[in-house]
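Enquirer: make a model of this:
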Amino acid sequence: MRSFALSGILCAVLAVGPACQAYDVSGLIFYEYSHDATKGGTEDGRFEVGRAYLTFSESPSESVSYKLQLDVGRAGSDTGDMALEAYLKAASASWKTDWGTFIFGMQGMNMFNVQEATFGNRFLGKALMDEHKFSSSADMGLGYSNRFGELFSGSVLVTNGEGYKKPESDKYKKISLQVLAGEAALSKHPGWNAGVVYSMEPISKDDSRTVMGLFGGYALEAGRVGIEFDTKTTTGVTDITEQIIGFYGVWKLPLSLPMELLAQLDLMDPDTNTDKDGETGLVLGLKLNPAKGLVIAPNIRTISYEADGVETDTWYRVNFEFKI
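Expert: Below you'll find the predicted structure:
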């Protein structure tokens, strides 16, 4: 992140005027080349912008800070519109007090942020809970976080439950809780962590949805590993339990050019009461850091299915991350 005076054009576009000169501004872009090998190699592959973020932040005092983040991604295959669209992912104010930190507005969720930081390679794909729609990565509401001594920390959020791309559509609210022991950012600091996350949300008069996750990680200078176990249960008219088991790790190679081996295993069961409906995702790759702000990662991703006669999906990819 860097602090500088934005150009007059950018300030005008964002409608923040001269005040934008006080903001810290950062950019993050995920880019990839992907070849789908499932169809016998008949497709040549494609280049794709996976995600782009533009973040503004300001701390006018030691106790108050603001954050504004734009998230650019595909509109969605469910509507048939695959145009790139910009979403408001964060628009929050944080107030740090002697009793903890209060956060108001559109903000990041507390359900998988620690697990995502343990693997530390978001540019390869979404966190497992996000990928399988156990929780959105951001939502609108109120948050509170605090540390309890040197070892423990926790947070609780009350949000709409719709995520950051949809407005509230009902009267119900989602409550999310995280309790953590140890280091939150293992991709940046050696150490260990263990924790639990839980959320509950009524989704109609007769239905409710609960998500619970257990996770842990360990990091040395040479690498890190992490594990998580998540369940999502919908009760009422619909009665179904989904389950995720995830393993991930990174190992630094002793070479002059910074390189890491990385792996992620994802066991997903969309209905624990149904046999042979699970799928196993695997990512294996090599991560290179040739220069500050640039990451290149050739990798292979596969998804295999328990169902009889279903072919394994395979992609050969080269993922890039640009930090501005």
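
Enquirer: relative to the whole chain's centre, how far out is stretch 170-185?
Expert: The chain centroid and the centroid of stretch 170-185 are separated by 14 Å under Cα atoms, centre = their mean, to the nearest Å.

Enquirer: helix, strand or coil: sort out the residue nearest to residue 84 when sequence neighbours are not counted for me.
Expert: Using Cβ to Cβ, 6 or more residues apart in numbering and skipping the chain neighbours, the partner closest in space to residue 84 is residue 72 (5.7 Å). Backbone N, C-alpha and C define where each C-beta goes, glycine included. Look at residue 72: counting by DSSP: H, G, I helix; E, B strand; the rest coil, its state is strand.

Enquirer: these two touch, right, residue 72 and residue 85?
Expert: Yes: applying Cβ atoms under 8 Å as the test, residue 72 and residue 85 come out as touching, 7.0 Å apart.

Enquirer: the more surrounded of these two?
Expert: For residue 72 versus residue 85, the count of surrounding residues by other Cβ atoms under 10 Å is larger for residue 72: 16 against 13.

Enquirer: may I have the predicted confidence score for the more buried one?
Expert: Per-residue confidence at residue 72 stands at 92 (pLDDT).

Enquirer: bridging residues for it?
Expert: Residue 72 forms beta bridges with residue 52, residue 86, as assigned by DSSP bridges.

Enquirer: OK, contacts around it?
Expert: Taking Cβ atoms under 8 Å, 6 or more residues apart in numbering as the criterion, residue 72 is in contact with 49, 51, 52, 53, 54, 84, 85, 86, 87.

Enquirer: contacts only, for the residue sitting nearest the centre point of the chain.
Expert: Residue closest to the average C-alpha location in the chain (Cα atoms, centre = their mean): residue 127, at 4.7 Å. By Cβ under 8 Å, 6+ apart, the contact list for residue 127 reads 112, 115, 116, 119, 137.

Enquirer: from residue 118, how far off is it?
Expert: Computed as Cβ to Cβ, to the nearest Å, the residue 127 to residue 118 distance reads 10 Å.

Enquirer: circling back to that earlier point, which of the contacts of residue 72 lies closest to residue 282?
Expert: residue 51 (21.6 Å; Cβ to Cβ).

Enquirer: burial count for that closest one?
Expert: 17.

Enquirer: surely it touches residue 71?
Expert: Yes: counting by Cβ under 8 Å, residue 51 does reach residue 71; the two are 7.0 Å apart.

Enquirer: give me the common contacts of those two.
Expert: Between them, residue 51 and residue 71 share no contacting residue, judged by Cβ under 8 Å, 6+ apart.

Enquirer: thinking again about what came up before, give me the buried subset of the contacts of residue 72.
Expert: 51, 52, 53, 54 (16 or more other Cβ atoms under 10 Å).

Enquirer: which residues touch the last one?
Expert: Remark: with contacts taken as Cβ under 8 Å, 6+ apart, residue 54 is in contact with 25, 26, 27, 69, 70, 72.

Enquirer: put the buried members of those residues into a ChimeraX selection.
Expert: Restricted to buried positions by 16+ other Cβ under 10 Å, the ChimeraX selection for the contacts of residue 54 reads:
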select :25,26,69,70,72
